[in-house]
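Participant: any chance you can model this:
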Amino acid sequence: RQAMDLGADDFLIKPFTLDQLFDSINARLKKKSFLEVASNEKIKEFSLNIASSIPHELRTPLNGILASAQFLNDYADTIEPLSLNEIYSTLLSSAKRLESLIYKYSLFVETELILLDDERKSFAKKSHTNIDSKFINEVFNVLPKASLRRQDIVSNIIEAEVQIYSTHLFSMIKEILDNSLKFSDIGTTIKISGFIDNSFYRLEFEDKGIGMTNDEINQIGIMKQFGRQEIEQQGMGLGLSIVMRLISIYGNQIKINSEKGEFTKIIIDLPLSKVI
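Facilitator: A predicted model of the protein is given here:
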């Protein structure tokens, strides 16, 4: 049992026969073959989902950039300064949206590759990151709507060290807060808490936004975006899918409580390294 906990696939008790040895080897080979087939099917499904969403999602901001650039190229000498500023603004917002989409795609692919590679997953679990109020503020400051919602944030973070890549923790918190900012009104509170709970570090995020139904929570997956009927938002809705995959890498726990039209609360338990 100790050997298997350390990674052994099987064991035989001496004395054993050649038939028992061959049976054990054949069972391992069949299992490896099955896992390879399952892995290839997962990669195929993942590739199809990515391929089907790329054209529309990337073309929309690219069209904004191309149209604005073409207009500037054709009429730059005759455009009034006010109109020129509007075109520059469209260029900038479209470029930022495209940058955000590319970042999310890259992170999504990275999480999938780590989940398919036990060695990379094991290495990621050995990483350590210090989490405190400063870390949360750094995440919040990179979000597009942060400047408009600074007064809405209520944060209470206990400093500690957790077992997770700093970039993964940053991305996880960023995606959750980005959703909170998108799907809740200015003037409503967004609460962020971080505290020690036994051997785990618990992060809690709560907003008073549009919320989700139980079916929507259960169907969180590839390219799923919630709330499009209530609020038209730019983007693929990859945020929660990325968070779920990051959670899977580290074997952590996530719980989502939500009520349609009322609130959403996300609870994440991270492995605790030490209290600071």
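Participant: give me the number of residues near Ala38?
Facilitator: 10 (other C-beta atoms under 10 Å). In this view, the C-beta of every residue, glycine as well, is placed from N, C-alpha and C.
Participant: same deal with Leu107?
Facilitator: Residues near Leu107, counting by other C-beta under 10 Å: 20.
Participant: swap in Lys260?
Facilitator: 15.
Participant: quick one: contacts for the nearest residue to it once chain neighbours are set aside?
Facilitator: Once flanking residues are discounted, Lys260 sits nearest to Gly211: 4.7 Å by C-beta to C-beta, 6 or more residues apart in numbering. Residues in contact with Gly211, defined by C-beta atoms under 8 Å, 6 or more residues apart in numbering, are Ser258, Glu259, Lys260, Gly261, Glu262, Phe263, Thr264.
Participant: need phi/psi at Gly211.
Facilitator: phi 70, psi 180 (degrees, to the nearest 10).
Participant: gap between it and Asp19?
Facilitator: 60 Å (C-beta to C-beta, to the nearest Å).
Participant: and the contacts of Gly211, which is closest to Ile196?
Facilitator: Thr264 (23.8 Å; C-beta to C-beta).
Participant: now do the same for the nearest residue to that closest one once chain neighbours are set aside: its pLDDT.
Facilitator: In space, Thr264 comes closest to Ser258 once its chain neighbours are excluded; the distance is 4.2 Å by C-beta to C-beta, 6+ apart. pLDDT for Ser258: 88.
Participant: among the contacts of Gly211, pick out the one closest to Leu143, please.
Facilitator: Looking across the contacts of Gly211 and measuring by C-beta to C-beta, the closest to Leu143 is Thr264, at 16.6 Å.
Participant: is it fair to say Thr264 lies in a strand?
Facilitator: Yes - assessed with DSSP: H, G, I helix; E, B strand; the rest coil, Thr264 lies in a strand.
Participant: and it, what does it touch?
Facilitator: Asn179, Ser180, Phe183, Glu206, Asp207, Gly209, Gly211, Met212, Ile256, Asn257, Ser258.
Participant: hey, what's it bridged with?
Facilitator: Thr264 has these beta-bridge partners by DSSP bridges: Asp207, Ser258.
Participant: what's the distance between it and Ser133?
Facilitator: Thr264 is 22 Å from Ser133, by C-beta to C-beta.
Participant: tell me what the helix or strand containing Ala67 is packed against?
Facilitator: Using DSSP states H and E, Ala67 sits in helix 18-75. Judged by 3 or more C-beta pairs under 8 Å, 6 or more residues apart in numbering; DSSP states H and E, helix 18-75 is in contact with helix 81-115.
Participant: local confidence estimate at the residue nearest the centre of the chain?
Facilitator: When the chain is reduced to its mean C-alpha position, the nearest residue by C-alpha atoms, centre = their mean turns out to be Ile242, at 2.3 Å. Looking at Ile242, its pLDDT is 82.
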